[in-house]
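Visitor: based on what follows, work out the 3D shape:
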Amino acid sequence: MDTSASKPAKAARKPRGQSATAPASKPARAKVTKTEARTANATPEAVKTTPRKASRPTQPKPVATASPAPSPQPAGPETSGFDAEALRRMEALSLNLAKAGMTAQTALARTLFRQPEDAPVDPFQVGPAFTEVASALAAKPEKLVEAQNELLGGYMELWGQMARRSLGQDTDASKKLTDKRFRDPHWEQNIVFDMMKQSYLLSSNWINKLISSAEGVDPLVKRRAEFFTKLMTDAMSPSNFLMTNPAALEALLQTSGESLARGMERFADDLARGNGKLKIRQADYDHFSVGDNVATTPGKVVWRGPYFELIQYSPTTEQVRETPLLIFPPWINKFYILDLQPKNSMIKWLTEQGFTVFLVSWINPDASMKDTTFEDYMFGGVYEAVKRVKEQCGVDHVNAVGYCIGGTLLGVTLAHMAAKGDQSISAATFFTAQHDFSEAGDLLLFTSESWLKELERQMDAAGGVLPGTAMADTFNSLRANDLIWSFFINNYLMGRDPTAFDLLYWNADQTRMPKALHMFYLRKFYGENALSQGRLTLAGVDIDLKNVTIPIYEQAGREDHIAPPTSVYKGSKLFGGPVTFMLAGSGHIAGVVNPPAAQKYMHWLNDAHPDSLDDWMAGAQMHPGSWWPHWANWLHQRSGDMIPARDPSGGHFKPLTDAPGDYVRVKS
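Guide: Just a heads-up that it's a prediction; the model follows:
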């Protein structure tokens, strides 16, 4: 029986500094059982102030001079462990997480209803490729065992590193796997995220290496399996997921969830902008405007036809070379990659070197051009442009430049001209242009017949043209980490604004392509490699590059994944005249657009032109910086005497409008 309540209360101990004439009384203690205290995880202080459990009423004896017991106070910020600001941030975090979830869920739900029902399940034939590779690996079980042992050994070493680190011991930094996706210091500082990163890199590198080790598989089938294995492992990176990305989690907590809410709003906007297909924003598109802060080199549109506008740029020197320079950019992109801003504009730089520069600005085709052919672009494009430049300048011949697919078209036209005895082009330059497609890189994967049928379906649905986003998606997939996942993380997980980057603005400003032209190009060049095999006939003429005997300057990019240097070099061996081959540092874009003032990269030169790129490299000499001065010197030697500079308004044609013209402004 509990009798503690009936015992007299002891006099309260006098607090320090309190007068002896005003004694304080200690409130009566209520007893708490051990079970109750343990259940509540009560501290001794909590036990002393916890009210006694109700029982039979008792009559405690009055206590003299005791002050009333203090009333229990509701838990406030200090007693709960949270201040008002922390509670506000928790509430904001909850609301923003809910908002982000609803935004993403709504956007994805809408997307499901926009997917075409007749889209093929496996247009790239990935399934059969993986089946063939798996069969080849299974045929050599000793290799599988060796690979499994290698993976196990890698994990044992990794676990050892993490165990030593957890004990505060130094680890061998040279044995750590690195990747630019994990540059944020949190990946290194936190042992959990470091373990996650290292195990991912170990596993992804292992599976990609295993697929590449398969023997006895058709090279194209193996490349298809390698490509999509890389895409899959890149997509599974822990950096691409909110809960396994420490930088994204930190942003989430620091902004009380606003970063994720903003990111999901951008996610929904990009889905809507792509009409149900995620169209990731790669740059601040509102920052740029064609003709205002990109494509600003002064000039005039001096002629306009159904396929292109002809731009003549204003001279910046008092004298120029007599032979004008005519540039054919690719029609799968807009020309101003060569005229982004004054600091990196090749066109502006060429005018400063004393050349009269003309450029073809291709039209952005609509459905009315769906039946336009490769021959139309040859006659209505190259032939027509050369004719108009000769008329404008009053000359008999021009020098020409072809970039990428524009270079393929130029090479074919040169062979056609040679067969017809037309000497209107006296020298030609090719930027990352392919004429032999036997080693055309990963783009060969997109030329299987099943994928070509899918392209035809997309073009038919779009009225007979390939939407600009289709080519953008293809090129982005070739560099998924740089052109897809980095923006996925920045825009959606981190909630950051895209940067104002001129190159990425241009990359997103895609053009459409006519069905007849594009399918001919993919089937004849990529699919059949008809040009290098001597099996291409245009307008009744057999196209043979050996008939092209004019001087050729051939540029390739060492890291080009669209026109690999081995492919470009093989194509350079097809011409019948003198070829100057030059290998530039970097890739398909930066290898071309490399102004001397930037002092970036390097280039290799070799006066010889042996059978293979490896032999050429063995005798090549490396030179620091841009290759543009070397090329300009080559052009000067083949461009005639110096004459007074040509004003675009003083030629044969009356200017129609200022550069960059109207065709380049048409959006897809």
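Visitor: where in this protein is the helix or strand with the lowest mean pLDDT?
Guide: helix 44-49 (a mean of 38; mean pLDDT, DSSP states H and E).
Visitor: pLDDT below threshold where in the stretch 151-300 of the chain?
Guide: 173-175 (pLDDT under 70).
Visitor: all strands for it, in order.
Guide: 299-304 (DSSP state E, counting those that start in this stretch).
Visitor: residue ranges of the helices in it, please?
Guide: Using DSSP state H, counting those that start in this stretch, the helices of the stretch 151-300 of the chain run over 186-189, 191-212, 219-235, 246-254, 258-273.
Visitor: what does the stretch 401-550 of the chain give?
Guide: 405-420, 449-461, 468-478, 480, 486-488, 502-508, 515-521.
Visitor: identify all contacting residues around the last one.
Guide: Outside helix 515-521, the residues within contact range by CB atoms under 8 Å, 6 or more residues apart in numbering are 370-374, 376-377, 405, 408, 452, 455-456, 459-460, 464-466. (Glycine included, C-beta is placed from N, CA and C.)
Visitor: pull that helix out as PDB, backbone CA atoms only.
Guide: Output in PDB follows, covering the C-alpha atoms of helix 515-521 (Å, rounded to 0.1, in the frame of the first residue of the first chain):
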ATOM      1  CA  LYS A 515      12.300  12.200 -95.400                       C
ATOM      2  CA  ALA A 516      13.700  11.400 -98.900                       C
ATOM      3  CA  LEU A 517      17.000  13.100 -98.300                       C
ATOM      4  CA  HIS A 518      17.600  11.700 -94.900                       C
ATOM      5  CA  MET A 519      16.700   8.100 -95.700                       C
ATOM      6  CA  PHE A 520      18.900   8.100 -98.800                       C
ATOM      7  CA  TYR A 521      21.800   9.500 -96.700                       C
END
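Visitor: hmm, Ser668 is touching Ala472, no?
Guide: No - using CB atoms under 8 Å, Ser668 is not in contact with Ala472, being 9.2 Å away.
Visitor: what residues does the residue nearest in space to the middle of the chain make contact with?
Guide: Most central in the chain under CA atoms, centre = their mean is Leu483, positioned 0.7 Å from the mean C-alpha point. Leu483 makes contact with 282, 475-476, 507, according to CB under 8 Å, 6+ apart.
Visitor: same question for Asn481.
Guide: Counted by CB under 8 Å, 6+ apart, Asn481 has contacts 181, 234, 237.
Visitor: if we use 6 Å, what do you get?
Guide: Going by CB atoms under 6 Å, 6 or more residues apart in numbering, Asn481 touches Asp234.
Visitor: which parts of the stretch 351-500 of the chain are strands?
Guide: Under DSSP E, counting those that start in this stretch, the stretch 351-500 of the chain gives strands at 357-362, 398-403, 425-431, 465-466.
Visitor: same question but for the stretch 551-668 of the chain, I mixed them up
Guide: Under the criterion DSSP E, counting those that start in this stretch, the stretch 551-668 of the chain contains strands at 552-557, 579-584, 602-605, 621-624, 642-644, 657-658.
Visitor: can I get those strands in a markdown table with mean pLDDT and mean neighbour count?
Guide: Below are those laid out as a markdown table (pLDDT from 0 to 100; neighbours: other CB atoms under 10 Å):
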| stretch | mean pLDDT | mean neighbour count |
| --- | --- | --- |
| strand 552-557 | 98 | 25 |
| strand 579-584 | 98 | 22 |
| strand 602-605 | 98 | 19 |
| strand 621-624 | 98 | 11 |
| strand 642-644 | 98 | 12 |
| strand 657-658 | 98 | 14 |
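Visitor: got those strands as a markdown table, with distance to Trp349 columns?
Guide: Shown next, in a markdown table, are the strands of the stretch 551-668 of the chain (distance: least, CB to CB, whole Å):
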| stretch | distance to Trp349 |
| --- | --- |
| strand 552-557 | 15 |
| strand 579-584 | 15 |
| strand 602-605 | 16 |
| strand 621-624 | 18 |
| strand 642-644 | 18 |
| strand 657-658 | 20 |
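Visitor: tell me how far the closest residue to Val126 other than its chain neighbours lies from Asp482.
Guide: Counting by CB to CB, 6 or more residues apart in numbering, Phe228 is the residue found nearest to Val126 once chain neighbours are left out, at 5.0 Å. Going from Phe228 to Asp482 by CB to CB, to the nearest Å gives 18 Å.
Visitor: I am finished for the moment; much appreciated.
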